[in-house]
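**Student:** Could you work out the structure for the sequence below:
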Amino acid sequence: MEKDLGTLARVREWYGPHFSTAAEWPVDALLLAKGTTTVSVVLPARNEESTVGDIVTEIRRDLMERTPLVDEIVVVDSLSTDATAARAAAAGARVVAQQEVLPHLPPMTGKGEALWKGLAATTGDVVVFIDADLHDFGSHFVSGLIGPLLVDRDIQFVKGAYERPYTGPDGVARRGGGGRVTELVARPLLNMFWPELSGFAQPLGGEYAARREVLEQVPFVTEYGVEFGLLVDLLQLVGLDAMAQVDLGVRTHTHQSVPALGRMAGQIMLTAWSRLENQGRLVSSESPAHTLLQFGLDGQADLVDVAVAERPPLASLVLEEDVA
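**Tutor:** Residues are numbered from 1 along each chain as shown. As a prediction, the model looks like this:
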């Protein structure tokens, strides 16, 4: 209990100076702070034709044409079968096919793979990741996330915080209903094993920014464990005081089915397991199973694989290629 109270005090101490709102980072002021720093925005996208174009349009209009705060927008097309790539390109993004970035490497799948490839395909000193399925997107998502990084050189990573309503089949939005895997899996795991990170309101959210030199030093889990893995690995690399979060307001997006969320939960648990092993905090005689037996409404059972792979730190890959 004494340890828990100490952790709570530490989180409260961190929270005050490391939490802000997007409104506290006006674009004109950020442009003055930008100097020679370059900013890349990366959107991982798979079959997001209905939303990706609007997001790119907002960023380009507000943060490139009206105010030159962002230097490049890259959409990583993750094997889409719809018009995602065409919509993104028409809106003004540079579109790269996931499988065509570093094509000499064995192909992998998943969101983390698209993010890692996006990091490799861009050049900005600061890299912003934005999910491509957001509705009612505003460019303040990007400006809010890069604000602390442009103003304070000690800040290395910024995570977005927001209200996540859940819109059910009846079309009614319910406050606090979103982020089911966050509340049922990620938050309990963080509180148990990495309580310093418990102050992050949306640990699995897809909107965050960091300095390239930091992102290139950590591995990327290739599936949906990527955000959880980045939080834990960056905590170990740069420490809590180099991390911050910004309230972006309300975030609405496409909700996944319960079976899909179950698979996501499995991937996050395996990501947490690997971090505990890597940090020497867990010793096991055998690795956990990476299959998940799921049951449909008709009682049919399906065995699915929730294994997660990892891409190595990009900096290590660059060093290997330079040596070669």
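
**Student:** What's the end-to-end length of stretch 133-142?
**Tutor:** End-to-end distance of stretch 133-142 (Cα to Cα, to the nearest Å): 15 Å.

**Student:** Can you give the contact residues for that stretch?
**Tutor:** With Cβ atoms under 8 Å, 6 or more residues apart in numbering as the contact definition, stretch 133-142 has outside contacts at 22-23, 41, 48, 51, 54-55, 58-59, 61-63, 69-70, 128, 130, 160, 207, 209, 248-254. The way it works is simple: take the backbone N, C-alpha and C, and place the C-beta from them, glycine included.

**Student:** So what's the gap between that stretch and the chain middle?
**Tutor:** 14 Å (Cα atoms, centre = their mean, to the nearest Å).

**Student:** now the helices for the stretch 51-200 of the chain?
**Tutor:** 52-60, 84-91, 111-121, 140-151, 180-181, 187-193 (DSSP state H, counting those that start in this stretch).

**Student:** Figure out which of these is closest to residue 76.
**Tutor:** Closest of these to residue 76 is helix 111-121, at 4.5 Å (criterion: Cβ to Cβ).

**Student:** What's the biggest helix in this structure, counting residues?
**Tutor:** The longest helix of the chain (DSSP state H) is helix 258-278.

**Student:** Quick one: residues in contact with that one.
**Tutor:** For helix 258-278, the external contacting residues (Cβ under 8 Å, 6+ apart) are 180-181, 184-186, 189, 193, 204, 221, 223-226, 228-229, 232-233, 256, 282-284, 288, 290, 292, 294, 296, 304, 306-308, 310.

**Student:** For the helices of the stretch 51-200 of the chain, which has the smallest mean pLDDT value?
**Tutor:** Lowest mean pLDDT of the helices of the stretch 51-200 of the chain: helix 180-181, a mean of 90.

**Student:** circling back: write the PyMOL selection for whichever of the contacts of helix 258-278 are buried.
**Tutor:** Provided next is the PyMOL selection string for whichever of the contacts of helix 258-278 are buried by 16 or more other Cβ atoms under 10 Å:
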select buried, resi 180+181+185+186+189+204+221+223+224+225+226+228+229+232+233+292+294+306+308+310
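
**Student:** Which ones among the contacts of helix 258-278 lie within helices?
**Tutor:** Reading helices off the contacts of helix 258-278 with DSSP H, I get 180-181, 189, 193, 226, 228-229, 232-233.

**Student:** Dump those into JSON lines; add distance to residue 13 as well.
**Tutor:** Formatted as JSON lines, those follow (distance: Cβ to Cβ, whole Å):
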{"residue": "180", "distance to residue 13": "30"}
{"residue": "181", "distance to residue 13": "28"}
{"residue": "189", "distance to residue 13": "23"}
{"residue": "193", "distance to residue 13": "20"}
{"residue": "226", "distance to residue 13": "28"}
{"residue": "228", "distance to residue 13": "24"}
{"residue": "229", "distance to residue 13": "26"}
{"residue": "232", "distance to residue 13": "20"}
{"residue": "233", "distance to residue 13": "23"}
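
**Student:** Over to residue 224: give its phi and psi.
**Tutor:** Taking degrees, to the nearest 10, you get phi -80, psi 0 for the backbone angles of residue 224.

**Student:** Grab the most central residue of the chain for me.
**Tutor:** Taking Cα atoms, centre = their mean, the centroid of the chain lies closest to residue 206, which sits 3.5 Å from it.
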